[in-house]
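Enquirer: kindly return the folded structure for what I paste below:
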Amino acid sequence: MKLAGKIAAITGGTAGMGRGIAEAFLAEGASVALFARNAEKGAKVLEELGVGDRAIFVAGDVMAQGDLEGFVDHVIAHFGTLDILVNNAGGAGDLQPLVNLSDHAFDEAMKWNVYSTFWATRRALPTMLGKGHGRVINISSMEGKHGKAVLTAYSAAKHAVNGMTKSLAREVGAAGVTVNAICPGIVITDIIKNNGPATAKAMGMELDEMIAMFAADSAIKRPNTVEEVAAVAVLLASEAGAGITGQQISVDGGTAQY
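Expert: From the prediction side, this is the model:
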């Protein structure tokens, strides 16, 4: 029970890596608050988790500052504190060559990935700093270390998340708050299944070809799993991770070996 008694807030917490992290945290004794857009799905996930009042759901849009800040406020009011913030929500958005990329699409990538991380973290930090303990875990991407054609806006956003992680770790480390990023490779989630075909098409290939390309670029020659990402999140959230901060930890099967 590495996280017994801890309170965690997770954006994008009802599916994919967000839900996997929520399940891993619950298994280690934490209580969790999940944030996502679909209220009906949120209610269903709470029922499936079956942990009673150890899990709550708040509906809102991660690209809406008021919704996101309201979520953090609600978590602190409901549970009385906040120990762990997982900025998981994000995505690639419109995939176009840069010459065709609109201002709106670029702004959306920044809001979805960078501003959401900024807004939620800024709101959560006073509580963490006030008690001298906290964990901020940003779910970035190996595209925050690499770059691929038509992923220019997404890659720029995830590089920004990694930069924010490094600088903030320096600001708050002495106060007992750690800040880290996890950089997954391709993980086969519902998002990949639903949105992956469009991404693959923009890259000039089919979905299975895209998955194979990412896998071939790794050392393990396969996609990573949600459970592998969640295990690293548990480490960073626990006391065992107290000496780890300012890092961008790749969980990408050895694709980015730095």
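Enquirer: distance from stretch 242-258 to the middle of the chain?
Expert: Offset of stretch 242-258 from its chain centre (CA atoms, centre = their mean, to the nearest Å): 14 Å.
Enquirer: quick one: end-to-end length of that stretch, please.
Expert: Stretch 242-258 has an end-to-end distance of 21 Å (criterion: CA to CA, to the nearest Å).
Enquirer: residues making contact with that stretch?
Expert: 140, 142, 144-146, 162, 165-166, 169-170, 173, 178-186, 214-215, 217-224, 228-229, 232, 235-236 (CB atoms under 8 Å, 6 or more residues apart in numbering). C-beta coordinates here come from the backbone N, C-alpha and C atoms, glycine included.
Enquirer: swap the cut-off to 6 Å and go again
Expert: Stretch 242-258 is contacted by residues 142, 145, 162, 166, 169, 173, 178-185, 217-220, 224, 228-229, 232 when judged by CB atoms under 6 Å, 6 or more residues apart in numbering.
Enquirer: then stretch 34-42?
Expert: For stretch 34-42, the surrounding residues in contact (CB under 6 Å, 6+ apart) are Ile10, Thr11, Gly12, Gly13, Thr14, Phe57, Val58, Ala59, Asp61, Phe71.
Enquirer: what average pLDDT does whatever helix or strand the first one lives in get?
Expert: Assigned by DSSP states H and E, Ile10 belongs to strand 7-11. On average, the pLDDT along strand 7-11 is 98.
Enquirer: stretch 178-185 now?
Expert: Rounded to a whole number, the mean pLDDT of stretch 178-185 is 97.
Enquirer: which one is Ile137 nearest to, not counting chain neighbours?
Expert: Excluding its sequence neighbours, the residue lying closest to Ile137 (CB to CB, 6 or more residues apart in numbering) is Val86, at 4.8 Å.
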